[in-house]
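Trainee: output the structure for:
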Amino acid sequence: MSTSTGSRRRRAQLLACAGVGALTALVGTASPAVAADGITVPLEPEDIMVSAVPVENYGGDLDSMRDPFAEPVEEPELVRVPVRYSGTITVDLPAEFDGSAATAELVFDDNEDGIPEATYSSRFAAANPNRLLIAPSAGTVTVTLPADDPIAGDAARLSVSKLTSTLGPAFGDVYDVIDYELGFDPAAPTTRTVEPLLDATSQVPCGLYEFSNCPIPTPAAPGSPVTLVLTPGSALRELGLSDLTGVRVAMAQFDEEDYDVGPIVEMDVAVTGSTARFVLPADTEPGAHHLVVVQETPTGGYSTVLAELTVEARAVEPVVEPAAGPAAEPAAPASNAGLRSNTGVHLPEAGGSDGIAVAAGAGILLMAGVGAAVARGRRRPAAEGGTCEV
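Mentor: Alright, predicted model coming up:
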């Protein structure tokens, strides 16, 4: 059974964790930054694509499209919206859309061979018997369905097009079509209303259509914390997101061909206002990972922020053996208290303070030797053709 374009996009974004800009994998390449013990990721995308998801085709809400982080990834079962010939269907648009200039097309392909049995369109001339009557407005688009056509069959796709966004400049990219799969049934209600939900997709730190590799600048180390921040000026706040309550985060490693090679792992997230923190599992494999951040909006839609996270093992400092201390002086011959040796070295009397001074001096020398060894161990290796730096 065919699926709508909107549902296929939703599955690609959430179920497959598809990073739009991750066309060049990082696996096997050197990173310009050193893996950090903790990184911060500002959720401040420069552009956000909005679309409307026909949730009724999947049971009425996004939860019925199956857990977006579940394994294995499965295509949700499609449910056609029951409608009646000569009835009406009203598409109640998300608040983020304007349907004033909308058009509509109804295509019957009952046998799914790609060759329509009948096509109705609001763009046809008024004299055309297959002209589709619609009543577009800012918040709704009502379509009058045709009379029963025995040739057409009972399965059709309704496409409502030319939708615009009511949001700011960051939301200028609108997927302006909503596709609904309909099933014509004489027992269906004469009037039907559907309510598609908002899907807002973005990417950080680069734009959504940055087709070069665009990972988060600082790699993260296994077992280290990652902090997400909904910045005060983030365009995501236009979706009604005042904080990160309810945010969900998942990761999946990908390879050179941009295919997920690791399991989809949902993170345990702790939220405090506009920040959300999670810790990478200690056994996270080094390499490039898709990071997907999903949050429900107050209107019932979803914001999906995609990112590419590089995981690198922490650098291990070499273990440097302490330098040997100064050679021990030969043992002095036994002498009576208060006598001097022939070498001219005065041996203190038992209980005298000179013994403490000698011991302290030996300790300082030993510490100096160890410190020099550690300092040498912390020198950076010389660059090829260059000199050593401290």
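Trainee: hmm, residue 178 is touching residue 157, no?
Mentor: No - here residue 178 lies out of contact with residue 157, judged by Cβ atoms under 8 Å, at a distance of 10.7 Å. Where you see a C-beta, it was placed from the backbone N, CA and C, and this is true even at glycine.
Trainee: now residue 280: how far from residue 154?
Mentor: 51 Å (Cβ to Cβ, to the nearest Å).
Trainee: more neighbours, the two?
Mentor: Neighbours were counted for residue 280 and for residue 154 using other Cβ atoms under 10 Å; residue 280 has more, 21 against 16.
Trainee: just the pLDDT for that one.
Mentor: As predicted, residue 280 sits at a pLDDT of 95.
Trainee: so what's it up against?
Mentor: Shown in contact with residue 280 (Cβ atoms under 8 Å, 6 or more residues apart in numbering): 220, 221, 222, 223, 224, 225, 226, 251, 267, 311.
Trainee: secondary structure class of residue 238, three-state.
Mentor: The three-state assignment at residue 238 reads helix, by DSSP: H, G, I helix; E, B strand; the rest coil.
Trainee: what's around the residue lying closest to it once chain neighbours are set aside, how many residues?
Mentor: Excluding the flanking residues, the one nearest residue 238 by Cβ to Cβ, 6 or more residues apart in numbering is residue 167, at 5.2 Å. Residues near residue 167, counting by other Cβ under 10 Å, number 19.
Trainee: residue 167 is in contact with residue 50, isn't it?
Mentor: Yes - Residue 167 is in contact with residue 50 according to Cβ under 8 Å; the separation is 7.1 Å.
Trainee: overlap in contacts, those two.
Mentor: residue 96.
Trainee: give me the pLDDT for the nearest residue to residue 123 once chain neighbours are set aside.
Mentor: For residue 123, ignoring the flanking residues on the chain, the nearest one in space by Cβ to Cβ, 6+ apart is residue 103 at 5.6 Å. Residue 103 carries a pLDDT value of 97.
Trainee: for residue 103, list the residues it contacts.
Mentor: For residue 103, the contacting residues are 121, 122, 123, 134, 136, 160, 161, 162, by Cβ under 8 Å, 6+ apart.
Trainee: how does it look with 10 Å?
Mentor: 121-123, 132, 134, 136, 141, 159-163, 176-177 (Cβ atoms under 10 Å, 6 or more residues apart in numbering).
Trainee: just name the closest of the residues you listed to residue 263, please.
Mentor: Of all these, residue 263 sits closest to residue 177, with 33.5 Å by Cβ to Cβ.
Trainee: was I right to think the closest one contacts residue 159?
Mentor: Yes - between residue 177 and residue 159 there is a contact under Cβ atoms under 10 Å: 5.6 Å.
Trainee: so what's residue 37 up against?
Mentor: Going by Cβ under 10 Å, 6+ apart, residue 37 touches 220, 221, 223, 224, 225, 314.
Trainee: picking up where we left off before, any idea which of the contacts of residue 103 the model trusts least?
Mentor: Among these, residue 176 has the lowest pLDDT, at 91.
Trainee: in which helix or strand does it reside?
Mentor: Assessed by DSSP states H and E, residue 176 sits outside every helix and strand.
Trainee: and the gap between it and residue 163?
Mentor: For residue 176 relative to residue 163 (Cβ to Cβ), the value is 4 Å.
Trainee: so what pLDDT did the residue nearest to residue 238 get?
Mentor: Reported pLDDT for residue 167: 93.
Trainee: correct me, but it touches residue 301?
Mentor: No - the pair residue 167 and residue 301 fails to qualify as a contact (Cβ under 10 Å) at a distance of 11.8 Å.
Trainee: and for the two, which residues touch both?
Mentor: Counting by Cβ under 10 Å, 6+ apart, the contacts common to residue 167 and residue 301 are 50, 95, 96, 198, 200, 239.
Trainee: now, the most widely separated pair of those residues?
Mentor: Across these, no pair lies farther apart than 95 and 200, at 12.2 Å, counting by Cβ to Cβ.
Trainee: which one's more surrounded, the two?
Mentor: More neighbours surround residue 200 than the other of residue 95 and residue 200, with 27 against 16 (other Cβ under 10 Å).
Trainee: so that one is in which element?
Mentor: Using DSSP H and E, residue 200 falls in strand 197-203.
Trainee: so what strands line up beside that strand?
Mentor: strand 48-53 (antiparallel), strand 302-311 (parallel) (DSSP bridges).
Trainee: most tightly packed of these?
Mentor: Across the strands paired with strand 197-203, averaging neighbours per residue (mean count of other Cβ atoms under 10 Å) puts strand 48-53 on top, at a mean of 25.
Trainee: and the average pLDDT for the helix or strand following that strand is what?
Mentor: Next along the chain after strand 48-53, taking DSSP H and E as the criterion, comes strand 81-83. The average pLDDT within strand 81-83 is 97.
Trainee: pull the residues that contact strand 81-83.
Mentor: For strand 81-83, contacts defined as Cβ under 10 Å, 6+ apart pick out 54, 56-57, 89, 143, 145, 154, 156, 158, 180-192, 194.
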